[in-house]
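> 3D model of this:
(chains A and B)
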Amino acid sequence: MKKYLLKRLGMSLVTLWAVVTITFILMHSVPGNPFAQEGKMPKAVYDNLQAKYGLDKPYTEQYAIYLKNLLKGDFGDSMKSRVETVNDMIERGFPVSARLGLQALVIALCFGPALGALAALYQNKIPDYISMIIAIIGISVPSFIMGTILIQFLARNVGWLPIAGWGTWQHTLLPSFAMALMPMATMARLMRSSMLEVLGQDYIKTAKSKGITKPAVILKHAVRNAILPVISILGTTISNLIVGSFVIEKIFGIPGLGRFFVQSIYNRDYTLIMGTTIFYAAILIIMLLLVDIAYMLIDPRIKLTKEGR
Amino acid sequence: MSKKLLVLMSLLLVVAIVITGCSTPKPEETPSETPTKGKKILRTNNSSEPGSLDPALAQGTHESWVLENTFEGLMKYDADGKVIPGMAESYKLSEDNLTYTFKIRQDAIWSDGNPVTAHDFEFSWKRALDPNLGAFYAFQLYYIKGAEEYNSTLKPGTYPDPEDDTKTITNPIEPSELEGLDTNGKSEEEINEMVYQKRLAAALENLKIKALDDYTLEVTLVTPTGYFPDLTAFYTYFPVSKTVVEANPEWAKEPETHVSNGPFKLVSWEHNATIDLEKSETYYDTASIKLDGIHFDIIEDENTAWQKYEGGEYDILATLPQAVAAQMAQEKNPELTIGAQVGTYYYNLNNEIKPFTNVKVRKGLAMTLDRQTIVEKIAQGGQIAATGVVPLGLVDETGKEYRETVGSLLDYNVEEGKKLFEEGLQEEGMTIEDFNNSNFVILYNTLEAHKKIAQAAQEMWRSALGINLGLENVEFQVKLDREKAGDFTISRAGWNGDYSDPMTMLDLWWSGSSFNDANYNNPEYDRLILETKATADQTVRFNNMRAAEKILMEDMPVVPIYFYTQPYAVKPNVTGIHKLPLFYPTLAYADIQ
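Residues are numbered from 1 along each chain as shown, chains lettered A, B, ... in the order given. You can find the predicted model right below:
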């Protein structure tokens, strides 16, 4: 187990390095630059800006400087903001996005698997149809439409919740809900199909024939096995949710991290592109590792001991 | 076992919370609706986060809308839009029209209580031009003698060529530059730095900005520039406090250390969320300021901002979704104002690609575009069909609207246009078929509004001239790159003027301009532009500019489509908001009933 973890950790560092390098190369090979804009730009001004951000150096040198700073945990200055460094932006934006993401995760976890299990238990009956309709809506309606609809009905028409902005817990409800729908629906569908599969297994029949009560069979035997696919997507789901969503943050005017993923690319804000990408990659790697560990512990079929292999 | 599962799941959650939560101060509880408490707080939305609230570093309306309320230049615009003395109480112009002597008012006070002096202005302008500050808008100060030279000072050394990464550029050291420097035992890098400092000092010596005493500022210009006093009302010319900036270079980052000289001062700035301004007690003219403060949300989504305006959370909204503006205009909603703007939306024709090399082809294209239909049926935001390249909102030497006295230089005449176009093609030895086989496209950056106009133009040209043009949308940065490289045939462009003179537009197309993407080159046009720049005689200037615009519209290197406007909405209980053509709606003189 320890050896496995160490190996995984080593691999994670290599992966991160690869992410840094590939992003660096890709970023510099797309057209455009952080200071381009429609309009006049005297050469002197452009040169001064290039020099200020070290872009007048050869790429290899820029890369070496970047790696050196990165090892110190310094993501550098944003090329669009003179107020905040990339570290500042992540430190300020991430807690906001993470709070929304975790709330969304809780909503999705509370309802997604439950809806899926319910659908499977009442296959082809009314509860099944209802849950699957919800799931289809959740998957197929884009979050910007859902967000706008929620604002219109719950905030504008009845005035229960604030329209947009950030500050109080009320501000977090609509965006969390809008964000939760998609993962919730995905979980419901996964849960439904794996539950159906599990319910047809021999050991369920055995358990039933042994006279165990229905709730006990479902909770102890069926759900436990059926939930595994849901857990396997949890790593990516959590990472995606906690780093924030560009669309949701834009619609609800939320000062989170999600917007920077897209904006930094439009702006060719090189340091911010690198910072957000590396940060996201690190979170994803950690989450995937945690999920693998969780999987290992829950599912007796996955063994990492010598005999298991 | 399901207990174990639960434990694991919660563990996962806890880990996630710990990762996200350890470095994080809880988001401050700042309600977005500022409690007004009987105070007059004007609430609005600034559509994106300012990159800085330091005037020298500002580069767009998302910064200037806040800065214009917190700072004041030597001159300012009054409630009627006239340029009047601001921080200056008066100014004198020398006989040769080159040297301005500004008298600074004695009751001008910074928000930290110290007086605003001529030294602050000298310091601020020199700072904005310092190449090491990397100020984007430094070129706005190039009117001043020695400014461009100082801002262009180069450090000796070898750099990759920005135009071509495989090449390098060397900036050598002249032997004479080493005189008087002790280079013994110094590394090459150290010597480069020493020479650079020497160059900077020499350039600074020649930069003609000088505080003669605490309240007198003398500035000498390169060429006579009649609108220079107006320019000092522009944000790059705003002063910063010398003492504050020298003591703390990071002063502009936090409200606590932010010091300004305008009618309002910065009291809070939650990044990407809100900005709050409070009436400044140290401002010399507090009597004409009715508001107690201004609250800006920072919400990028136009539709969300509109919903907040409709929900009564804003008093004014300066950027409206296009569909909303169109509907309000149709309903004649009294809350809507179609604000004047100095800007032109146009298509570049690549003057170096056949058959666009032919003037008849270019004129034929321009003549067969129905601009009126484009603004009425497609753009629908109150835009005005272009009648030249110089937009509305600029006055001539007699104080009359330039555009109106010049009249229309663009015709809509399908028959004549078709004739010209066909003649032009023939002169180039091409047929309509050849043209259509060339797969020319209209290039635009991805945006619904640009797409609709490109589709309309495509169809208008198809039905009038029988030509087929493709449409190609690319990301904004890609479009800029391709325009600079000349890799386009027709491309969408737009320009909003930054000073109140037709030159702000005409300057774009002389052969040395950095924004002449159409690659237009006419020596006569160049001569008129350069001559206009070199004289202060308004009659000569305007005669030249009128002649230049006429030549431009005869040669038609670019096809003007419409003049920009800025529709904005104001609640009925708010008074005193108006819009000057070059600016966002002015908030400082507003009042809430």
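> The host helix or strand of residue B:345 close to chain A?
Here residue B:345 sits within strand B:336-349, counting by DSSP states H and E. No. Applying Cβ under 8 Å from any Cβ of the partner chain, one finds strand B:336-349 separated from chain A by no less than 11.0 Å. To be clear about C-beta, it is placed using only N, CA and C from the backbone, and glycine gets the same treatment.
> If we go by neighbour counts, what in stretch A:121-135 is buried?
Residues of stretch A:121-135 classed as buried: A:121, A:128, A:131, A:132, A:134, A:135 (neighbour count, 16 or more other Cβ atoms under 10 Å in any protein chain shown).
> So the third one sits against residue A:195, correct?
No. Counting by Cβ atoms under 8 Å, residue A:131 sits too far from residue A:195 to count as a contact (11.4 Å).
> hey, what's in contact with both of the two?
A:116, A:119 (Cβ atoms under 8 Å, 6 or more residues apart in numbering or on different chains).
> Run through chain A and note the low-pLDDT ranges.
A:299-309 (pLDDT under 70).
> can you give me the helices for it?
A:2-29, A:43-52, A:59-71, A:86-121, A:126-140, A:143-150, A:169-199, A:202-209, A:214-216, A:224-226, A:228-242, A:246-251, A:258-266, A:270-298 (DSSP state H).
> helices or strands next to the third one in the packing?
The one in question is helix A:59-71. The contact analysis (3 or more Cβ pairs under 8 Å, 6 or more residues apart in numbering or on different chains; DSSP states H and E) places helix A:59-71 against helix A:2-29.
> Could you point out which of the helices of chain A sits nearest residue B:218?
Nearest to residue B:218, of all the helices of chain A, is helix A:43-52, at 24.4 Å by Cβ to Cβ.
> Which strands and helices lie in contact with the closest one?
Checking 3+ Cβ pairs under 8 Å, 6+ apart, helix A:43-52 ends up next to helix B:147-151.
> what's the model's confidence in the helix it packs on, averaged?
In this model, helix B:147-151 has a mean pLDDT of 94.
> downstream neighbour of that helix in the secondary structure list?
Taking DSSP H and E, what comes next after helix B:147-151 is strand B:157-160.
> Just checking: what are the partner strands of the very next helix or strand once past that next one?
Per DSSP H and E, the first helix or strand lying C-terminal to strand B:157-160 is strand B:168-171. Using DSSP bridges, the strands paired with strand B:168-171 are strand B:157-160 (antiparallel).
> Output the partner strand as PDB, restricted to C-alpha atoms.
The C-alpha trace of strand B:157-160 is given here as PDB (Å, rounded to 0.1, in the frame of the first residue of the first chain):
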ATOM      1  CA  GLY B 157      21.500  43.800 -25.600                       C
ATOM      2  CA  THR B 158      20.200  41.000 -27.900                       C
ATOM      3  CA  TYR B 159      16.500  40.100 -28.000                       C
ATOM      4  CA  PRO B 160      14.400  37.700 -30.100                       C
END
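> just how off-centre is it within its chain?
31 Å (Cα atoms, centre = their mean, to the nearest Å).
> Contacts for stretch A:263-282 next, please.
So stretch A:263-282 is contacted by A:15-16, A:19-20, A:23-24, A:27-28, A:30, A:32-34, A:36, A:53, A:55, A:66, A:70, A:75-80, A:86-87, A:89-90, A:94, A:239, A:243, A:246, A:257, A:260-261, B:475-477 (Cβ under 8 Å, 6+ apart).
> then it to PDB, C-alphas only?
C-alpha atoms of stretch A:263-282 as PDB (Å, rounded to 0.1, in the frame of the first residue of the first chain):
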ATOM      1  CA  GLN A 263     -11.000  34.500 -19.900                       C
ATOM      2  CA  SER A 264      -7.300  33.800 -19.500                       C
ATOM      3  CA  ILE A 265      -7.300  32.100 -22.900                       C
ATOM      4  CA  TYR A 266      -9.300  34.800 -24.600                       C
ATOM      5  CA  ASN A 267      -6.900  37.400 -23.200                       C
ATOM      6  CA  ARG A 268      -3.800  35.300 -23.900                       C
ATOM      7  CA  ASP A 269      -2.900  36.000 -20.200                       C
ATOM      8  CA  TYR A 270      -0.100  33.500 -20.300                       C
ATOM      9  CA  THR A 271       0.700  33.400 -16.600                       C
ATOM     10  CA  LEU A 272      -3.000  33.000 -15.700                       C
ATOM     11  CA  ILE A 273      -3.400  30.200 -18.300                       C
ATOM     12  CA  MET A 274      -0.500  28.400 -16.700                       C
ATOM     13  CA  GLY A 275      -1.600  29.000 -13.200                       C
ATOM     14  CA  THR A 276      -5.200  27.900 -13.600                       C
ATOM     15  CA  THR A 277      -4.200  24.800 -15.700                       C
ATOM     16  CA  ILE A 278      -1.600  23.700 -13.200                       C
ATOM     17  CA  PHE A 279      -3.900  24.300 -10.300                       C
ATOM     18  CA  TYR A 280      -6.700  22.300 -11.900                       C
ATOM     19  CA  ALA A 281      -4.400  19.500 -12.900                       C
ATOM     20  CA  ALA A 282      -3.100  19.300  -9.300                       C
END
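> for residue 88, what are its contacts?
Since no chain was named, I'll use chain A. Residue A:88 neighbours (Cβ under 8 Å, 6+ apart): none.
> could you do chain B instead?
B:74, B:75, B:102, B:103, B:104, B:105, B:217, B:232.
> Return the set of residues that bridge with the fourth one.
Beta bridges link residue B:103 to residue B:90, residue B:216, judged by DSSP bridges.
> my guess is it meets residue B:215, correct?
Yes. Between residue B:103 and residue B:215 there is a contact under Cβ under 8 Å: 6.2 Å.
> Close to chain A: what parts of the stretch 351-500 of chain B are there?
So the stretch 351-500 of chain B meets chain A at B:475, B:476, B:477, B:478, B:480, B:481, B:482, B:493, B:494, B:495 (Cβ under 8 Å from any Cβ).
> All set, thanks.
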